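*Asks:* Here's a sequence, model it:
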Amino acid sequence: MQADMIESLLNKGRIFEAHNELQSSLRENPGDIRLCQLLGLTLARLGLIEKARVLMEDLASRQSDSETSGILGRIYKDYWKLTGDPDYLDLSVATYKKAFLEKNDGYNGINAATLTFLSGNRADAVQLAEKTIQYVEQWPDGYWKEASLGEAYLLTGDNNTARQHYKKANTLGKSDPGSVHSTVEQLKILAKDLPAAGEMLNLFDKPVIVIFAGHMIDNPVKKTVRFPESAAGDVKSEISGFLDRINAAIGYSSLACGGDILFAESILEKGMELNIVLPFKIDDFIKTSVGFAAPAWIDRFNNILARAHSIKFTTEEGYLGDDILFDLCSRQFMGLGILRSEFFSVKPWFLTVWDEAPGKTGGTADSVKYFPWPEQHFNILPLKNAKTTVESSPATRQVPEVNPVHHREMKYILFSDISGFSRLDEEKTPLFILKFLTAVSDKLNQFKPAPVIINTWGDAIFAVMNNVADMAEYAFILQQTVQNTDWSLAGLPQLNIRIALHAGPVFLADDPLLKVVNAYGTHVNRAARMEPVTAPGSIYVSEQFAAALLLERRGDYRFEHAGIIELPKKFGKQEMFRLVKFLKADNG
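*Replies:* Presented below is the predicted three-dimensional model:
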């Protein structure tokens, strides 16, 4: 049952969730062969191919079956795509072909045929494809039968028959975007040497992802007229019509009364996947963004929360009057939508309900500035059919009763330490202070802009910055300085570092003891708890940091999912990604 659910997540393209479910399931059943196979496949689809290779080679040494061989063949293929090294292509061909000849199964057969074609051995590829067809024809009707037959006939040169099977696969794959993605990627590779494959690409629909931001319903006690409740029905009809026109499949938004709720309801009514991000705890959010409207909006809000596919929080703490949380929330759900879209190699749509006037921090106008593709933006004017006069000032949020000492500010936080420092001989501690900290400071002091806060504790480095891209670059300089230095010349063992990066609202205040400004709050503590669970030699970032960085510096980095990780000291869980520099070869 667990394996079936995880396979369903993979087929829907929900790779991150599949990875999290596998981690939990394998803790309960560590020796389960099918779960290990699915973990290898999931790691490969996340781009963690070295981890996938080690896992599957070990499993193949103990378990001889076509499924294990097929996944291992796929991992070798990924290495070839990443590096261009023909040795990996040969390994992949040999692995697939061996499994096919031993098991006579269509899955390994079609992969053996395609990769043999790509290796330049066209005659053998055709023979393998023809032999594969007879086995695939015996499969039960379904997506993979049609997609595999399409690929096999394409290799034999029978393009008309291939086209018929690919068309059927596209129809069957509308609820299976993960599988469609795999087929499309295979066709892209073939298209470099086989022009007909490029034609087949046009037969496939890709899942359309929609990110939404929009105005709240006007507060009835305010004079401002921007989005009266009387316009909600017409606006919802326009939202629904837009979703139908673009064949939307997946939605990302927050959940304020007005545009957000109308969008969320439209997504759910069409049976689509809905992902919600809230800026802070639910009670405060209802007070600021839902409760001032008619009571029915709270019921609608709760109904959507009960049915949403995922609910995430920018911070699980309260509002405290800090509008910056709305801004960070907008960046988060937009970044998550873009991250999901990149898995399918598509651009998302951005739908807004917006009067096209400036607004408050974190409002719809700010969101429009963040979205990278203006041609993918569609706006619905909330008052275009209403008989009323529009004033430019936005509705006022209702602030829960709070009395904060300071307002929080949005910051980007780094915690790092040296792996194995606690095992360093006592007599080497002065060397570490003199050599390590001097070398690191010499390099980091050249970076501009400097952190707004910097501190050290033993081997730990703590830094706070105003800009997410600056913090990412700062982290990579720190990582490279440690990893590229020959510490034996300084009388130290070779050192390695782990770095954790997080984004969140923090309090800045004068430290009465140190007489300097310092950062305080839950998100500083969260970043500190992330660092011990970071893999040595890696930079791990929180989901919030990843989303913010993706909006500012698309194309410079890639994000490898590390999972939802339990943090130390009962600090809860945190979804984390390994941050790596994006290399040209990463595109295959």
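
*Asks:* By mean pLDDT, flag the weakest helix or strand of this protein.
*Replies:* When the helices and strands of the chain are compared on mean pLDDT, DSSP states H and E, helix 429-431 comes out lowest with a mean of 68.

*Asks:* how far away is Leu579 from Pro177?
*Replies:* Going from Leu579 to Pro177 by Cβ to Cβ, to the nearest Å gives 26 Å. (Glycine included, C-beta is placed from N, CA and C.)

*Asks:* Can I get stretch 472-489 as PDB, trimmed to CA atoms?
*Replies:* This file holds the C-alpha atoms of stretch 472-489, laid out as PDB (Å, rounded to 0.1, in the frame of the first residue of the first chain):
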ATOM      1  CA  ALA A 472      24.000  32.800  -1.400                       C
ATOM      2  CA  GLU A 473      27.200  34.100  -3.000                       C
ATOM      3  CA  TYR A 474      28.700  34.700   0.500                       C
ATOM      4  CA  ALA A 475      27.900  31.100   1.500                       C
ATOM      5  CA  PHE A 476      29.600  29.700  -1.700                       C
ATOM      6  CA  ILE A 477      32.700  31.800  -1.100                       C
ATOM      7  CA  LEU A 478      32.900  30.500   2.500                       C
ATOM      8  CA  GLN A 479      32.400  26.900   1.300                       C
ATOM      9  CA  GLN A 480      35.000  27.200  -1.500                       C
ATOM     10  CA  THR A 481      37.500  28.800   0.800                       C
ATOM     11  CA  VAL A 482      37.300  25.900   3.300                       C
ATOM     12  CA  GLN A 483      37.200  23.200   0.600                       C
ATOM     13  CA  ASN A 484      40.000  24.500  -1.700                       C
ATOM     14  CA  THR A 485      42.500  25.300   1.000                       C
ATOM     15  CA  ASP A 486      45.300  22.800   1.800                       C
ATOM     16  CA  TRP A 487      45.000  23.000   5.600                       C
ATOM     17  CA  SER A 488      47.900  20.600   6.100                       C
ATOM     18  CA  LEU A 489      50.200  23.500   5.300                       C
END
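
*Asks:* For the most centrally placed residue in the chain, grab phi and psi.
*Replies:* Against the mean C-alpha coordinate of the chain, by Cα atoms, centre = their mean, the closest residue is Leu339 at 4.3 Å. When quoted as degrees, to the nearest 10, the phi and psi of Leu339 stand at phi -60, psi -40.

*Asks:* Test my guess that it contacts Glu560.
*Replies:* No - checked against Cβ atoms under 8 Å, the pair Leu339 and Glu560 is beyond contact range at 11.5 Å.

*Asks:* which other residues reach the one helix or strand Ser8 maps to?
*Replies:* Element membership for Ser8, per DSSP states H and E: helix 2-11. Contacts to helix 2-11, defined as Cβ atoms under 8 Å, 6 or more residues apart in numbering, come from residues 15, 17-18, 21-22, 25, 29, 32, 34-35, 38, 41-42, 45, 176-179.

*Asks:* quick revisit: list the buried ones in the following helix or strand past the least confident helix or strand of the chain?
*Replies:* The helix or strand immediately downstream of helix 429-431 is helix 437-444, counting by DSSP H and E. For helix 437-444, burial by neighbour count (16 or more other Cβ atoms under 10 Å) applies to Val440, Leu444.

*Asks:* helices and strands around helix 437-444, which ones?
*Replies:* Counting contacts by 3 or more Cβ pairs under 8 Å, 6 or more residues apart in numbering; DSSP states H and E, helix 437-444 is packed against helix 468-484.

*Asks:* Which strands and helices lie in contact with the helix it packs on?
*Replies:* strand 409-419, helix 437-444, strand 460-465, strand 496-511, strand 539-542, helix 543-552, strand 573-581.

*Asks:* Including mean pLDDT and distance to Gly321, could those go into TSV?
*Replies:* As requested, the helices and strands packed on helix 468-484 are arranged in TSV below (pLDDT from 0 to 100; distance: least, Cβ to Cβ, whole Å):
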stretch	mean pLDDT	distance to Gly321
strand 409-419	88	13
helix 437-444	83	35
strand 460-465	91	21
strand 496-511	87	11
strand 539-542	92	24
helix 543-552	88	20
strand 573-581	83	26
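
*Asks:* What segments of the protein are strands?
*Replies:* All strands of the chain, identified by DSSP state E, fall at 208-214, 248-253, 273-278, 310-313, 349-353, 377-380, 409-419, 453-457, 460-465, 496-511, 516-520, 539-542, 557-566, 573-581.

*Asks:* who touches the third one?
*Replies:* By Cβ under 8 Å, 6+ apart, the surrounding residues in contact with strand 273-278 are 12, 249-255, 264, 267-268, 285, 304-305, 307-314, 329, 332-333, 336-337.

*Asks:* ok and that strand relative to helix 543-552, angle-wise?
*Replies:* Counting by axes from the mean of the first three to the mean of the last three Cα atoms, to 10 degrees, strand 273-278 lies at 100 degrees to helix 543-552.

*Asks:* 13 is where my numbering starts, stick with that
*Replies:* New numbering, starting at 13: the last item is strand 285-290.

*Asks:* Now for Ile294, how many residues are close by?
*Replies:* 16 (other Cβ atoms under 10 Å).

*Asks:* How much space separates it from Ile323?
*Replies:* On the measure of Cβ to Cβ, Ile294 and Ile323 end up 9 Å apart.

*Asks:* Please point out which parts of stretch 351-364 sit buried.
*Replies:* Quick answer for stretch 351-364 (16+ other Cβ under 10 Å): 351-356, 358-364.

*Asks:* cool, and stretch 91-111?
*Replies:* So for stretch 91-111, counting by 16+ other Cβ under 10 Å, buried means 91-94, 100-101, 103-105, 107-111.

*Asks:* cool, and stretch 158-169?
*Replies:* Within stretch 158-169, the residues that count as buried by 16+ other Cβ under 10 Å are Glu158, Ala159, Ser160, Leu161, Gly162, Glu163, Ala164, Tyr165, Leu166, Leu167, Thr168.
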